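Asker: sequence plus the predicted model coming up.
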Amino acid sequence: MRRFLKVLGIIVVLLALVVVIYFVFMTVTDYKPKEVISLNVENNLDNILPKETKLSALTFNIGYCGLDAGQDFFMDGGTGSRSKSKEKTLENLKGITEFIEGQTVDFILLQEVDIKATRSYNINEYEQLKEKLTDYSSTYCINYKVPWVPVPLAKPHGSVKSGLVTLGKYKIDETNRYGYPGKEKWPRQLALLDRCFIESRLPVEDGKELVLLNSHLSAYDKGGVIRKQQLGFLKEYISQEYEKGNYVVVAGDWNHAIPGTDSNIFESSQEWPEWLKEIPEDFKPEGFKWGADKNVPTNRTVDIPYKKGENYLSVIDGFLVSPNVDIVGVKGHQLEFEYTDHNPVTLEFILK
């Protein structure tokens, strides 16, 4: 009995040592980007943005090509932590790419694009997208860089290097990564995203700039304290840019129910999920307008695989534009969450 207890004690000590080493390693290697980072534009084009001409933009969270209709996700109450297989990841990437290629849009704004991650079998999704979308310039920025996410224990989420992608058909003078304020407490933050947006500054023929933002806000902070900080930061930023006389278009995954949309119109057997919050009424600067298709859901719950009529559906992906931008139309694309847990949205707009 004594020998058994001694061996057990040694095992406990070794396990404790492994845990300590892991947290030290994660803390030392924690990705801590500067508040503003200059980004590179690949294949930058010479076209100058016209005024009073219809333009278009597509926003799409591609869910690292691993959250197709057959998948659930552990962070939302499911058990899945990775794409089903490498083959399925490539199949999803192919379907997403072919959909995008079939759209005639000036700008493409993507979220959750992996360049090297265990969950997507280390497929560089950004490189494969660029190979197909050669008519566009491209910008990439990291918002999720973690050496190893150890949960779920049976099949860990693993190593992650992922981010945002902005593609465009017009000249970009400057592009930057802006970090959002607010962090979870240690050690939880070590395994979470570092939320940010890509700022692309494009010259317009009238001498002003279009400030195009590709944004991905937080989803899991309890009480919404961090999201409140992020929205406050974003409001101040876009207000200042508009006051300079610039055109502002914000696109992306808001992780909030977009004002003017009603999730109750979508058939579902589930209740409103805890993580889903409403955007406060005082967030939107005066005169700014929301661009969302209230009739097409852009997100499904991922605590269970997708089954029509069961998952809770909502509109959390869309656009916000400044008063000097006219919205011509907004269209949500009902893809039935075949390749990812989001549906894409297209905005048509005119710079006044």
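Answerer: On my side now, so go ahead.

Asker: contacts and neighbour counts: CA atoms only from here.
Answerer: OK.

Asker: dump stretch 260-280 to PDB, restricted to CA.
Answerer: Provided in PDB are the C-alpha atoms of stretch 260-280 (Å, rounded to 0.1, in the frame of the first residue of the first chain):
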ATOM      1  CA  GLY A 260     -33.200  46.100 -37.100                       C
ATOM      2  CA  THR A 261     -33.000  42.300 -37.300                       C
ATOM      3  CA  ASP A 262     -35.300  39.800 -35.400                       C
ATOM      4  CA  SER A 263     -34.100  36.300 -34.600                       C
ATOM      5  CA  ASN A 264     -37.600  35.300 -33.700                       C
ATOM      6  CA  ILE A 265     -38.600  35.100 -37.300                       C
ATOM      7  CA  PHE A 266     -36.300  32.100 -37.900                       C
ATOM      8  CA  GLU A 267     -37.700  28.700 -37.000                       C
ATOM      9  CA  SER A 268     -35.800  27.200 -34.000                       C
ATOM     10  CA  SER A 269     -36.400  24.800 -31.100                       C
ATOM     11  CA  GLN A 270     -33.600  26.400 -29.100                       C
ATOM     12  CA  GLU A 271     -33.700  29.400 -26.800                       C
ATOM     13  CA  TRP A 272     -31.700  32.600 -27.200                       C
ATOM     14  CA  PRO A 273     -28.100  31.600 -26.500                       C
ATOM     15  CA  GLU A 274     -26.300  33.200 -23.500                       C
ATOM     16  CA  TRP A 275     -23.400  34.400 -25.600                       C
ATOM     17  CA  LEU A 276     -25.600  36.400 -28.000                       C
ATOM     18  CA  LYS A 277     -26.000  40.100 -27.000                       C
ATOM     19  CA  GLU A 278     -27.800  43.000 -28.500                       C
ATOM     20  CA  ILE A 279     -25.800  46.100 -29.600                       C
ATOM     21  CA  PRO A 280     -26.600  49.000 -27.300                       C
END
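
Asker: in stretch 81-101, what counts as buried?
Answerer: 81-84, 86, 88-90, 92-97, 100 (16 or more other C-alpha atoms under 10 Å).

Asker: what segments of the stretch 251-352 of the chain are strands?
Answerer: For the stretch 251-352 of the chain, applying DSSP state E, counting those that start in this stretch gives strands covering 256-257, 277-278, 289-291, 299-300, 313-314, 317-321, 325-332, 345-351.

Asker: what pairs with the third one, parallel or antiparallel?
Answerer: Right, the one you point to is strand 289-291. strand 317-321 (antiparallel) (DSSP bridges).

Asker: thinking again about what came up before, give me the subset of the buried residues of stretch 81-101 that lies in helices.
Answerer: Among these, the members falling in helices (DSSP state H) are 86, 88, 89, 90, 92, 93, 94, 95, 96, 97, 100.

Asker: thinking again about what came up before, between the buried residues of stretch 81-101, which is nearest residue 330?
Answerer: Residue 330 has its nearest neighbour among those in residue 100, at 16.2 Å by C-alpha to C-alpha.

Asker: by mean pLDDT, point me to the weakest helix or strand of this protein.
Answerer: helix 2-28 (a mean of 75; mean pLDDT, DSSP states H and E).

Asker: return the set of buried residues in that helix.
Answerer: So for helix 2-28, counting by 16+ other C-alpha under 10 Å, buried means residue 26.
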